[in-house]
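A.B. asks: How does the following fold in three dimensions:
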Amino acid sequence: MVDYDSVILKSVLQTKPSGIRKFFDLLSNMENVVGLTVGQPDFVTPWHIREAGIESLENGKTYYTSNAGIPELRNEISNYLYRKFHVLYRPETEIIVTVGGSEAIDLAFRTLIGPGDEVILPLPAFVCYEPLIKLAGGVPVIIETTFIEKFKLNPEKLKAAITPRTKMLVLPYPNNPTGAIMTKEELSEIADIIRDTNIIVLSDEIYSEMTYDRVHTSFASLPGMYEHTILVNGFSKTYAMTGWRLGYLCAPEILCLQILKLHQYVIMCAPTTSQYAACEALKNGDDDVAMMIDEYNHRRRYIYNSLKNIGLDSLEPEGAFYIYPNISEYGLTSEEFCEKLLFNYNCAIVPGTAFGDCGEGFVRISYAYSIKHITIALERIEAFLKDLKK
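C.D. replies: Now for the predicted structure:
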């Protein structure tokens, strides 16, 4: 009989499953559960984008594309980034189309990070960064961001975390799970620290369109930061294209050439149909995005004010589609709070600890759901809080 524990890499055995998926899987086996767990738009991909994908199939475009993606899509990505965020990447050599933003993140880590290399990671943040750093052999250097800091990266903490082994900084803004953003002025302070180093910044800008009171600033657009930045973005959130599994990575040519080698061997190319659909999204999808962002903004204000009224304090989210209320006054851990809410009130949200240990005392609620769905969930959360106060 095979001793699989001795066969499987210890680094994989020690990797914890996603805390988000744990609660998502639990509710999938329960009836009458209202979930606000997953960061997936409740909108269907707009018809003209789906139609472009269908048309590509009807025209027999079912073959491999070039490794980096079809030229038309890379041109459209280049035009989009320049038009929206004033950052210019050459489509021929500085853009790689990937299988979602997640592949792009993994490629960046595995290209740059080796055993003992340090990666500075502000937490709370999306669940994939820390395990992928470790699986690449790197050492995550955690900077805990706080409610008082509005969950933004503090420049002084960054300075203190840099050592001779620092290879990379992850900038996960707009932020999942907190809804925090960093302004151009705040990002400029980070740029001043990075400028005279060899540190590469992985700027995950998947929620770049989802800022509600100000326009997103791309880190690569700041003076001197293009050469320090690997920019990651994608189509899942902005265009409601989660199942199409399409993202992209942009970086200086010398980095892209090396990253592309990994992509060639591991993936070959991103899905062909998705690439043609994405071309249509970038060319003609601005009105769709504006409509969806307007609806998210309505939900954002509604859920923020509703949570405040029922006794959950939180920062008003400035980006993405999550809110991160503080539940510490109720005397339960984040995990206990979410489990009791799920099993006793049939409402699912995610413990803050799924996004780092410093998330203890918080929970993440996604408002990528309809107002009706959110209202039912809020009613159940309110009933739960009333019972906790008895």
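A.B. asks: drop to CA atoms for contacts and neighbour counts, all remaining ones
C.D. replies: Fine.
A.B. asks: Would you agree Val201 falls within a strand?
C.D. replies: Yes - counting by DSSP: H, G, I helix; E, B strand; the rest coil, Val201 is found in a strand.
A.B. asks: so it makes contact with Glu227?
C.D. replies: No - using Cα atoms under 8 Å, Val201 is not in contact with Glu227; the gap is 9.4 Å.
A.B. asks: Who has more neighbours out of these two?
C.D. replies: Val201 (24 against 18; other Cα atoms under 10 Å).
A.B. asks: Now do the contacts for that one.
C.D. replies: Neighbouring residues of Val201 by Cα atoms under 8 Å, 6 or more residues apart in numbering: Met168, Leu169, Val170, Leu171, His228, Thr229, Ile230.
A.B. asks: Please report how far Leu9 lies from Ser102.
C.D. replies: As for Leu9, its distance to Ser102 is 21 Å (criterion: Cα to Cα, to the nearest Å).
A.B. asks: if you count what's nearby, which of the two comes out ahead?
C.D. replies: Each of Leu9 and Ser102 has its neighbours counted (other Cα under 10 Å); Ser102 has more, 20 against 11.
A.B. asks: quick one on the thing from earlier: list just the nearest of the contacts of Val201 to Lys16.
C.D. replies: Of all the contacts of Val201, Lys16 sits closest to Val170, with 20.2 Å by Cα to Cα.
A.B. asks: what kind of secondary structure is that closest one in?
C.D. replies: strand.
A.B. asks: For the closest residue in space to it that isn't next to it in sequence, give the beta-bridge partners.
C.D. replies: Excluding the flanking residues, the one nearest Val170 by Cα to Cα, 6 or more residues apart in numbering is Leu202, at 4.8 Å. Beta-bridge partners for Leu202, by DSSP bridges, are Val170, Ile230.
A.B. asks: can you pull the pLDDT of Leu202?
C.D. replies: Looking at Leu202, its pLDDT reads 98.
A.B. asks: what's the distance between it and Gly60?
C.D. replies: Leu202 is 37 Å from Gly60, by Cα to Cα.
A.B. asks: May I have the secondary structure class of Ile142?
C.D. replies: Per three-state DSSP, Ile142 ends up strand.
A.B. asks: residues contacting the spatially closest residue to it that is not a sequence neighbour?
C.D. replies: Leaving aside its sequence neighbours, Ile142 sits nearest to Leu121 (Cα to Cα, 6+ apart; 5.0 Å). By Cα under 8 Å, 6+ apart, the contact list for Leu121 reads Tyr129, Glu130, Pro140, Val141, Ile142, Ile143, Leu169, Val170, Leu171.
A.B. asks: go on, Ile96?
C.D. replies: Listed by Cα under 8 Å, 6+ apart, the contact partners of Ile96 are Asn67, Ala68, Gly69, Arg74, Tyr248, Leu249, Cys250, Cys256, Leu260.
A.B. asks: rerun at 10 Å
C.D. replies: By Cα atoms under 10 Å, 6 or more residues apart in numbering, the residues touching Ile96 are 66-70, 73-74, 77, 104, 232, 247-251, 256-257, 259-260, 263, 269-270.
A.B. asks: Drop anything exposed from these.
C.D. replies: 67-70, 73-74, 77, 104, 232, 247-251, 256-257, 259-260, 263, 269-270 (16 or more other Cα atoms under 10 Å).
A.B. asks: Out of these, which sit inside strands?
C.D. replies: Secondary structure from DSSP state E places Val232, Gly247, Tyr248, Leu249, Cys250 of the buried ones among the contacts of Ile96 in strands.
A.B. asks: Output these in CSV, with distance to Pro164 and pLDDT appended to each entry.
C.D. replies: Shown next, in CSV, are those (distance: Cα to Cα, whole Å; pLDDT from 0 to 100):
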residue, distance to Pro164, pLDDT
Val232, 25, 98
Gly247, 32, 98
Tyr248, 30, 98
Leu249, 27, 98
Cys250, 26, 98
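A.B. asks: now the chain, which segments are flagged as low pLDDT?
C.D. replies: The chain contains residues with pLDDT under 70 at 19-28.
A.B. asks: one more time with 80, if that's ok
C.D. replies: 4, 13, 15-31, 390 (pLDDT under 80).
A.B. asks: the strands in the chain, which residues?
C.D. replies: 34-35, 95-98, 118-123, 139-144, 166-171, 200-204, 229-234, 247-250, 322-323, 347-348, 350-351, 363-366.
A.B. asks: Can you list the strands that the first one pairs with?
C.D. replies: In other words, strand 34-35. Assessed with DSSP bridges, strand 34-35 is paired to strand 347-348 (parallel).
A.B. asks: Isn't the residue nearest to Val170 up against Phe219?
C.D. replies: Yes - the pair Leu202 and Phe219 qualifies as a contact (Cα atoms under 10 Å) at a distance of 9.4 Å.
A.B. asks: list residues touching both of those two?
C.D. replies: Counting by Cα under 10 Å, 6+ apart, the common neighbours of Leu202 and Phe219 are Leu171, His228, Thr229, Ile230, Leu231.
A.B. asks: Quick one: distance of stretch 286-294 to the chain centre.
C.D. replies: Its chain's C-alpha centre lies 19 Å from the corresponding centre of stretch 286-294 when counted by Cα atoms, centre = their mean, to the nearest Å.
A.B. asks: quick one: contacts of it?
C.D. replies: By Cα under 10 Å, 6+ apart, stretch 286-294 touches 41-43, 45-46, 209-212, 237-240, 281, 295-300, 320-321, 368.
A.B. asks: can you pull the buried residues of the lengthiest helix in the chain?
C.D. replies: Longest helix of the chain, by residue count under DSSP state H: helix 286-310. By 16+ other Cα under 10 Å, the buried positions in helix 286-310 come out as Asp288, Val289, Met292, Ile293, Tyr296, Asn297, Arg299, Arg300, Ile303, Tyr304, Ser306, Leu307.
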